[in-house]
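Enquirer: 3D model of this:
(2 chains)
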Amino acid sequence: MDAQTEARLLDLIEDICGDSVVREERDIDLFEAGLLDSMAAIELLVALETDFGVTIAPTELEREEMNTVNLIVARVAERL
Amino acid sequence: MGFYTEPAFFVLAALAAIPAIVLGCAERSLRGYGFAASVVFLALLFMHTPMQMAALLFFVVLATLLFLFVQHLFASQRPHAVGLYRVALALTIAPVAVYKVSEVFGGNLLGFLGISYLTFKAVQVLIELRDGLIERMSVFDYLYFLVFFTPFTSGPIMRSRPFVERLHAPLSRSDYLDGLSLGLLRILGGATYKFVFAAFASWASWFLPQYIGTSTPLAAAGGEVVAAFFYGLNMFFDFAGYSLMAIGLGSVFGVEVPRNFRMPFLSVDIKDFWNRWHISLSHWLRDFVFMRLTRTLLKRKVLKSRLTTACTGYIANMTLMGVWHGLTLDYVIYGFYHGALLALCEVFQRKSKFYKAHKDQRWFKVLSWALTMIAVFVGFSLFSGQISQLVRGM
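Expert: Have a look, this model is predicted:
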């Protein structure tokens, strides 16, 4: 993934989580930290589909596979 | 023969466990034996209710044909696949819908013990076929997934992909034995929950209010609160105990049945509660109803804000949960009540500056826990019909 795409993705995650802490703490569990919940996760999936052309079905990934910023970036990178 | 309720079940389960343990220790597949044992146990379950047995057979045949049809649709990328898939989905849900409506009129059309849990399993397979997450599943694996007996009557609701994966990769002897010993502990723990704690709570929920009496309004009110409290405890120990036994017996057959409860009375908010109470149901609804509904609403921009979308999703999802328990006013109100609580919680956590400022402080957590528990126990007494009885009595 190029730097520009990654920057866009980080903007998106920050916007959905509503906290800039996600830029620094890229390995914290976003669900545990209360930054992501089911609704925010769906927003993220919809935005990934419309803005990045990456489709991920709601039960495709276990929570442990995309519960941190780095994991989300990795899952998107695999599908770009 | 009732599952997990009468001595005969436990004796037969212990006998059925012997060949399973031998196979498991020999690192042999338990697939064939587990299926055969499930068929025998289901025959015993419905031995005195031939109509239910017929309804079960009807459901299994219908669901299997629809499963094969949908699998074929997406494998061969047929035109109109999505439209036909929706028809198949509706037909899979039809028996449980017919049954729930017939129940309202005091009848039982197409119903059998476990029909809702079987429907959950059949529906998720169709949805995951459509999502391309399941490419091929053999008819045998599908049937075994539906009829596996340990969680048959009341869950926990399993997911097909981990189930099938495990079937085709039998455990090593030491992993099997680890699972087995934990499983046996769970069966003992579950039995203690159900036959000791739940039985005590059930007794206390009618005895204590009687003992307190209704001589003064205060005593009457106190009696109602005590009844509600012990009713809630009874619900928990009965259902969590059953779930533990179903999980434990599952591991005897090398099957991982998912966890259903995670200390629900420690929940600090109502969202937390639904991640701890009847987890396999709430997560099923989250994955296959809530997330799909909100995704569609967001994509089509039906509602203005994300918050309204979330609240609509919560209320629709939980009302459906209530309806699923049964088409009675008490259950529907129970579902709507929890949907509304989740929506309120969402608005508060998103909008309130007070929440954001204090959420990590100890006093706030304690207060939040206490309010959550009150809300949860009020929910139980909506569920039990206690509140509607009180309202009617006024």
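Enquirer: residue numbers of chain B in contact with chain A?
Expert: Residues of chain B lying close to chain A (CB under 8 Å from any CB of the partner chain) are B:124, B:127-128, B:131-133, B:159, B:271, B:286-288, B:290-292, B:294-295, B:298-299, B:306, B:309-310, B:313, B:346, B:349, B:359. In short, each C-beta sits where N, CA and C put it, glycine included.
Enquirer: among those, name the buried ones.
Expert: Among the residues of chain B next to chain A, those classed as buried by neighbour count (16 or more other CB atoms under 10 Å in any protein chain shown) are B:124, B:127-128, B:133, B:159, B:271, B:286-288, B:290-292, B:294-295, B:298, B:306, B:309-310, B:313, B:346.
Enquirer: show me what contacts the residue in the stretch 101-250 of chain B that chain A sits nearest to?
Expert: Here the stretch 101-250 of chain B gets closest to chain A at one residue, B:Asp131, 3.8 Å apart by CB to the nearest CB. Neighbour list for B:Asp131: A:57-60 [criterion: CB atoms under 8 Å, 6 or more residues apart in numbering or on different chains].
Enquirer: which pair in those spans the largest distance?
Expert: A:Pro58 and A:Glu60 (7.1 Å; CB to CB).
Enquirer: please identify which of the two sits among more neighbours.
Expert: Using other CB atoms under 10 Å in any protein chain shown, the more surrounded residue of A:Pro58 and A:Glu60 is A:Pro58, with 20 against 15.
Enquirer: so which bits of the lowest-mean-pLDDT helix or strand in chain A are buried?
Expert: Taking mean pLDDT, DSSP states H and E as the measure, the helix or strand of chain A with the lowest value is helix A:21-24, at a mean of 90. Across helix A:21-24, burial judged by 16+ other CB under 10 Å covers A:Val22.
Enquirer: kindly report the same for stretch A:35-48.
Expert: A:35-48.
Enquirer: B:Gly179 sits in which helix or strand?
Expert: Using DSSP states H and E, B:Gly179 falls within helix B:173-192.
Enquirer: what sits against B:Met245?
Expert: Residues near B:Met245 by CB under 8 Å, 6+ apart: B:4, B:186-187, B:190-191, B:194.
Enquirer: with pLDDT and distance to A:Ala3 as extra columns, can I get these in JSON lines?
Expert: Supplementary listing: the contacts of B:Met245 in JSON lines, determined by pLDDT from 0 to 100; distance: CB to CB, whole Å:
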{"residue": "B:Tyr4", "pLDDT": "96", "distance to A:Ala3": "58"}
{"residue": "B:Arg186", "pLDDT": "98", "distance to A:Ala3": "50"}
{"residue": "B:Ile187", "pLDDT": "98", "distance to A:Ala3": "55"}
{"residue": "B:Gly190", "pLDDT": "98", "distance to A:Ala3": "53"}
{"residue": "B:Ala191", "pLDDT": "97", "distance to A:Ala3": "59"}
{"residue": "B:Lys194", "pLDDT": "97", "distance to A:Ala3": "58"}
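Enquirer: most neighbours, which of those residues?
Expert: Going by other CB under 10 Å, B:Ile187 tops the contacts of B:Met245 with 24 neighbours.
Enquirer: pull the contacting residues for the closest residue to that one other than its chain neighbours.
Expert: Distances taken as CB to CB, 6 or more residues apart in numbering or on different chains put B:Gly248 closest to B:Ile187, at 3.8 Å, once the chain neighbours are dropped. Going by CB under 8 Å, 6+ apart, B:Gly248 touches B:182-187, B:189-190.
Enquirer: now the helix holding B:Gly179: buried residues?
Expert: B:176, B:179-180, B:183, B:186-187, B:190-191.
Enquirer: what does chain A have sitting close to chain B?
Expert: So far as CB under 8 Å from any CB goes, chain A lies against chain B at A:34, A:37-39, A:41-43, A:45-46, A:49-50, A:57-60.
Enquirer: residues touching the residue minimising distance to the centre of chain A, list them.
Expert: Central residue of chain A (CA atoms, centre = their mean): A:Ile72, 4.2 Å from the mean position. Going by CB under 8 Å, 6+ apart, A:Ile72 touches A:9, A:13, A:44, A:66.
Enquirer: against chain B, how distant is the first one?
Expert: Look at A:Leu9 and chain B: by CB to the nearest CB, to the nearest Å, they are 18 Å apart.
Enquirer: can you give the domain ranges for chain B?
Expert: Per automatic domain parsing, the structural domains of chain B span B:31-169, B:180-252, B:264-393.
Enquirer: need those in JSON lines (columns: distance to B:Val22).
Expert: Formatted as JSON lines, the domains of chain B follow (distance: least, CB to CB, whole Å):
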{"stretch": "domain B:31-169", "distance to B:Val22": "9"}
{"stretch": "domain B:180-252", "distance to B:Val22": "11"}
{"stretch": "domain B:264-393", "distance to B:Val22": "30"}
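Enquirer: report how many residues lie close to residue 64.
Expert: As the question left the chain open, I've gone with chain A. Count around A:Glu64 with other CB under 10 Å applied: 10.
Enquirer: my bad, the chain I had in mind was chain B
Expert: Neighbours of B:Thr64 (other CB under 10 Å): 15.
Enquirer: show the pLDDT at B:Arg306.
Expert: B:Arg306 carries a pLDDT value of 88.
Enquirer: now swap in A:Asp37 and tell me
Expert: 87.
Enquirer: shouldn't it be in contact with B:Ile270?
Expert: No - with contact defined as CB atoms under 8 Å, A:Asp37 does not reach B:Ile270; the gap is 12.0 Å.
Enquirer: isn't B:Pro19 up against B:Tyr33?
Expert: Yes - at 6.0 Å, B:Pro19 counts as touching B:Tyr33 under the criterion of CB under 8 Å.
Enquirer: between the two, who's got more neighbours?
Expert: B:Tyr33 (18 against 13).
Enquirer: hang on, the earlier thing: show me the buried ones among the residues of chain B next to chain A that map onto strands.
Expert: Assigned to strands by DSSP state E, none of these qualify.
Enquirer: quick one, helices of the stretch 251-394 of chain B?
Expert: B:270-274, B:279-285, B:291-299, B:306-325, B:329-351, B:353-358, B:362-383, B:386-393 (DSSP state H, counting those that start in this stretch).
Enquirer: show residues contacting the fourth one.
Expert: By CB under 8 Å, 6+ apart, the list of residues contacting helix B:306-325 from outside reads A:39, A:43, B:100, B:116, B:281-282, B:285-286, B:289-290, B:293-294, B:297-298, B:302-303, B:331-340, B:342-343, B:346-347, B:350-351, B:383.
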